[in-house]
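# after the sequence you'll find the predicted model.
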Protein chains: 2
Amino acid sequence: MTTFVKNAAGRRVPSEVNGQSAFAYAGVGMHKPEGRKQAPSVRSASDYPANGDKRVADLETALKKCDLRDGMVISSHHHFRDGDKVAVAALQAAARLGVKDLMWFPSASFPCHTPVIDLMEKGVVHHIEGSMNGALGDYCSTGKMRGLGVLRSHGGRWQAIQDGEVKIDVAIIAAPTADPFGNADGSHGPSACGSLGFALADSIYAEHVIVVTDNLVPFPCIPWQIQGNNVDCVVELPSVGDPAKIVSGTTQITKSPDRLLIAENIARFVRDTGIMRDGFSFQAGAGGIALGFVQFLKTMMREAGVKARFVRGGSTRYLVELLHEGLTDYILDGQTFDLDGVKNLANDPRHVSSSPFTSYNYHGKGNFASMVDVTVLGATEVDLDFNANVNTHSDGRLLHGIGGWQNCLFAGCTVLAVPSFRDRIPVIVDRVTTLTGPGELIDVVATERGIAINPRRKDLLDAVKGSSLPIRTLEEIKNDVEKMCGVPQKPVLTDEPVAVIKWVDGTVIDTVWKVADQPAKSPPR
Amino acid sequence: MTTFVKNAAGRRVPSEVNGQSAFAYAGVGMHKPEGRKQAPSVRSASDYPANGDKRVADLETALKKCDLRDGMVISSHHHFRDGDKVAVAALQAAARLGVKDLMWFPSASFPCHTPVIDLMEKGVVHHIEGSMNGALGDYCSTGKMRGLGVLRSHGGRWQAIQDGEVKIDVAIIAAPTADPFGNADGSHGPSACGSLGFALADSIYAEHVIVVTDNLVPFPCIPWQIQGNNVDCVVELPSVGDPAKIVSGTTQITKSPDRLLIAENIARFVRDTGIMRDGFSFQAGAGGIALGFVQFLKTMMREAGVKARFVRGGSTRYLVELLHEGLTDYILDGQTFDLDGVKNLANDPRHVSSSPFTSYNYHGKGNFASMVDVTVLGATEVDLDFNANVNTHSDGRLLHGIGGWQNCLFAGCTVLAVPSFRDRIPVIVDRVTTLTGPGELIDVVATERGIAINPRRKDLLDAVKGSSLPIRTLEEIKNDVEKMCGVPQKPVLTDEPVAVIKWVDGTVIDTVWKVADQPAKSPPR
């Protein structure tokens, strides 16, 4: 019987997750880890081919060689996004071997991974720990998955692997280019996706590592983002991914006038508060508002003659243009969102591939996230204490992963760029359905109805004094919207947990509850 | 009381080294390691400055912050070679803190480190594990050091750290460029030395890491050969190294006609045996014969229209020229021996920094060394079974480290390029004074009096049939030389061990014995 405790954020969380005891969230920076990092077995080169050729015939042979057995943990990465052809192929190969009860540990899952539902139904996969979107999220939300879903940020996934919370037995690394030794690169080849940073922890800490490629080159594969010295087998497939879906070819600046207004206001805020100064840094994702923000800020930087020291990707052509225009010294890139990003990463030494270790891991000797001056993020809900939700919708359904969102909250100034309502449902609420990030780390909420600054940030409130920015309180914006949209009904949730949200330090910050039987907004599958 | 056992090579070795039980050498590939890799403590970003600034005032402050105490292990790297100013400064800072009985664990030591003798005399340093040249070698050879010297190859040092045989408490990493977060780069700055690969294991596995630099740049230091996420403190010094001595400015092709003949014969051998073919690879160090070999081979490659896939450095201008002429796709570089190498590594993406992990670590899932088609190395002595010594001279004194020598023996074809005698002392002997590498891995001994092929390599013997190469047996060459030089006296050694030679798998392959009191060839200090 699962017992529950109330954590430091007042959320009810299980004290055990998938048979393993779990720490309750204790507040930002309050949980002090103990123990040593995870360590895979020592190997001997005498057990590997001297000529470095680790190729085997197919995925089944590779999985057998890696001693895959019932109940093991099999991991994969999401750099191919919705174009991935490898994770499902590997799990289906495991099914053909008759293996049961695997835990699938992707760095994220996409609609292309929907066939895993079938493998869960058949008992091949026991449960998923990793972000679940679309049909997989719904499968979990409606209580059909056997284990609890565990959602971690990109940094939290590194932390969990590094700390030995999740022990990967077999890592599957899909590689746009690789050599027979297992060195692998994401930035070249017909399935080029840019960085392979999300697979790096898997390659270092897993007991066994399988590299899968459709572009084998003679040793050495340069650059070796993944090092063959950690790899057991190499498998060739005709195609590892659908190039059209690997990159989000549609990465576009928003065309909505409201959202463009938000983007422009954030850029003005960054300029007018003095955050935009020579040598500053920022991070903005691939969403329409974030890209708009980059374009507005770029113009302001050019006008003011200001150059950034670095910008953080997910890279897109907008960041690449910034680099080529001399408006930043570097792009530090965790994943690559469009073809311009992929191409530039492959050729420009100022466009640097980063990993969750360098960027986000909270259980290292610091990380890059806290050194970013300003970061622009999204959210599904925000409450009056600036607490935010990115995982569930207002109906309680689990529909999004965390990505790097939690990790980015440690920036010097964290801005949530959100419309004040979506589909007539207000975004600012009394209490977020799911708590993904604590309000003390969220400094600004920018909507089309004004910019609200967290009262904790007196420095920012001072900095905007006298400016023409539309500074308001969250309450004012909330009241405006509720006058228009009304106060929405609370979602009907059961007392049965279906997933937990981990904080960056591995503690449980919130629980996702099974939604009650009710007319679903979208069909479960 | 130390007990001794006879190992698989017939050498008497201690079963305990510096208080730790040791495995005796069991033959190539015979020792199977058990257990898991070393794992440092899990840390929390909350204990490090959010702005990423880890600078402290000086080395003493840094050592205190890293909790340096009596009996700990303090490590350093040798990329600055005889120009290093940091290792001695750090040990002297430890002395000022009153710390005693440290084990100093350099990746190699040089004459500039002679002041460590004084620190050993004073009890600050207990003993050294790492190659000891010149005065330090003599101090050890004559039994003055308290513990046993432990000599490891570059790969063996990684293996020992990775396997937890040596647990580094505080790693000192001298960096030609670094940022306040601790990211560090060897290829730029006034003290540029190229790669920092020898310090990589230290940065990953040590409990505490201190980066010392004379060229601080704003975050991010690109490339980050050493990742700040593993670094505790950053210390600025006016100068970390003497640029004139960091690179061997005098790296020159031999001018001796005998040695040029050896170089040319090896190049002909590589060509005529068919090893030189499109896509092949080779490694040659910075010695005069090896550089000569590169020049001869280059001409032959150009004549035959052959291109290498990769060449392994220690890089020099000769390898850089090969790359720029299009005669190789890549240089895979473990250390950089001259300014042309340093400059090229900094700018040319085909010139790739490698580490002992990728290149040499025997306790990984393979390494690059066994994928090199031919490697040209030196030796101080070779016996008739092709066993070789690189550590001691014929007088028994410990005068050289192993470097990557043992690791390189795993190449497809290992050639020892040696004059048949030095200072009228024959190089080919009945029994090597110290066994550094087993004859089964040594394929060819090339002297100015002919080329001897190991009888195990019937394929090579077949390949040279009908060629004009001066193929002879080792016996023939040995007899020739003894007719000229006589048979030298055996060195007078005691029964007291002063150091052990580790094999690539951490087993003890031989013991270095204290030299008996006798007129020294060179004064002890």
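That came in fine, so what should we check first? Keep in mind it's a predicted model, so treat the numbers as computed, not measured.
# lowest-confidence helix or strand of chain A?
helix A:243-246 (a mean of 82; mean pLDDT, DSSP states H and E).
# show residues contacting the next helix or strand after it.
Moving toward the C-terminus from helix A:243-246, the next helix or strand (DSSP states H and E) is helix A:257-272. Helix A:257-272 is contacted from outside by A:253-254, A:276, A:282, A:288-293, A:295-297, A:300, A:304, A:374, A:376, A:413, A:415, A:417-419, A:444, A:446-448, A:451, A:463-464, A:467, A:469-470, using C-beta atoms under 8 Å, 6 or more residues apart in numbering or on different chains. No exception for glycine: its C-beta is placed from N, CA and C like everyone else's.
# need the residues that contact the next helix-or-strand element following helix A:257-272.
Next along the chain after helix A:257-272, taking DSSP H and E as the criterion, comes strand A:281-284. Strand A:281-284 is contacted from outside by A:270, A:290-291, A:293-294, A:297, A:308-313, A:371-376, A:408, A:411, using C-beta under 8 Å, 6+ apart.
# list the strands paired with strand A:281-284, with their directions.
Strand A:281-284 has the following strand partners under DSSP bridges: strand A:308-312 (parallel), strand A:374-377 (parallel).
# nearest to B:Gly334, out of those strands?
The minimum distance between B:Gly334 and those falls on strand A:308-312, with 29.4 Å, by C-beta to C-beta.
# let me know the next secondary structure element after that closest one.
Moving toward the C-terminus from strand A:308-312, the next helix or strand (DSSP H and E) is helix A:317-324.
# so that next one versus strand A:308-312, what angle?
Relative orientation of helix A:317-324 and strand A:308-312, computed by axes from the mean of the first three to the mean of the last three C-alpha atoms, to 10 degrees: 150 degrees.
# in three-state terms, how would A:Ala94 be classified?
Secondary structure for A:Ala94, judged by DSSP: H, G, I helix; E, B strand; the rest coil, is helix.
# now, of the strands paired with strand A:281-284, which is deepest in the fold?
Most buried of those, by mean neighbour count (mean count of other C-beta atoms under 10 Å in any protein chain shown): strand A:374-377, with a mean of 26.
# tell me the mean pLDDT over it?
Strand A:374-377 comes out with an average pLDDT of 97.
# mind listing what the residue nearest to A:Ile226 when sequence neighbours are not counted touches?
Leaving aside its chain neighbours, A:Ile226 sits nearest to A:Ala184 (3.9 Å; criterion: C-beta to C-beta, 6 or more residues apart in numbering or on different chains). By C-beta under 8 Å, 6+ apart, A:Ala184 lies in contact with A:173, A:175, A:177-178, A:196, A:211, A:213, A:221, A:224-226, A:228, A:231.
# hmm, who's touching the helix or strand containing A:Val209?
Element membership for A:Val209 (DSSP H and E) is strand A:208-213. The set of residues external to strand A:208-213 that reach it, using C-beta under 8 Å, 6+ apart, is A:59, A:62-63, A:66-67, A:86, A:89-90, A:169-178, A:182, A:184, A:189, A:202-203, A:226, A:228, A:230-237, A:240, B:365.
# give me the buried entries from these.
A:59, A:62-63, A:66, A:86, A:89-90, A:169-178, A:182, A:184, A:189, A:202-203, A:226, A:228, A:230-237, A:240, B:365 (16 or more other C-beta atoms under 10 Å in any protein chain shown).
# where does the prediction get shaky in the stretch 101-250 of chain A?
For the stretch 101-250 of chain A, the stretches with pLDDT under 70 are A:248-250.
# residues of it that sit close to chain B?
A:162-163, A:181-182, A:209, A:218-220, A:222-224, A:227-232 (C-beta under 8 Å from any C-beta of the partner chain).
# ok, of those residues, which come out buried?
With burial judged by 16+ other C-beta under 10 Å, the buried subset of these is A:162-163, A:181-182, A:209, A:219-220, A:222-224, A:227-232.
# so which of these sit within strands?
A:Val209 (DSSP state E).
# of all the buried ones among the residues of the stretch 101-250 of chain A next to chain B, which two lie farthest apart?
Farthest-apart pair in these is A:Asp163 and A:Phe219; separation 33.3 Å (C-beta to C-beta).
# what's the mean pLDDT across the helix or strand harbouring A:Asp459?
Per DSSP H and E, A:Asp459 falls inside helix A:458-463. The pLDDT scores in helix A:458-463 average 98.
# quick check, that helix touching chain B?
No - applying C-beta under 8 Å from any C-beta, one finds helix A:458-463 separated from chain B by no less than 14.5 Å.
# and stretch A:485-503, by the same measure?
No - no part of stretch A:485-503 sits near chain B under the criterion C-beta under 8 Å from any C-beta; the closest distance found is 12.0 Å.
# that stretch: end-to-end distance?
One end of stretch A:485-503 sits 32 Å from the other (C-alpha to C-alpha, to the nearest Å).
# about what we covered before: the contacts of strand A:208-213 in helices, which ones?
Among these, the members falling in helices (DSSP state H) are A:Leu59, A:Ala62, A:Leu63, A:Val86, A:Ala89, A:Ala90, A:Asp202, A:Ser203.
# confirm A:Gly403 sits in a helix?
No - applying three-state DSSP, one finds A:Gly403 to be coil, outside a helix.
# how many residues are close by it?
21 (other C-beta atoms under 10 Å in any protein chain shown).
# cool, the one 5 residues further on as well?
The tally of other residues near A:Cys408 (other C-beta under 10 Å) stands at 26.
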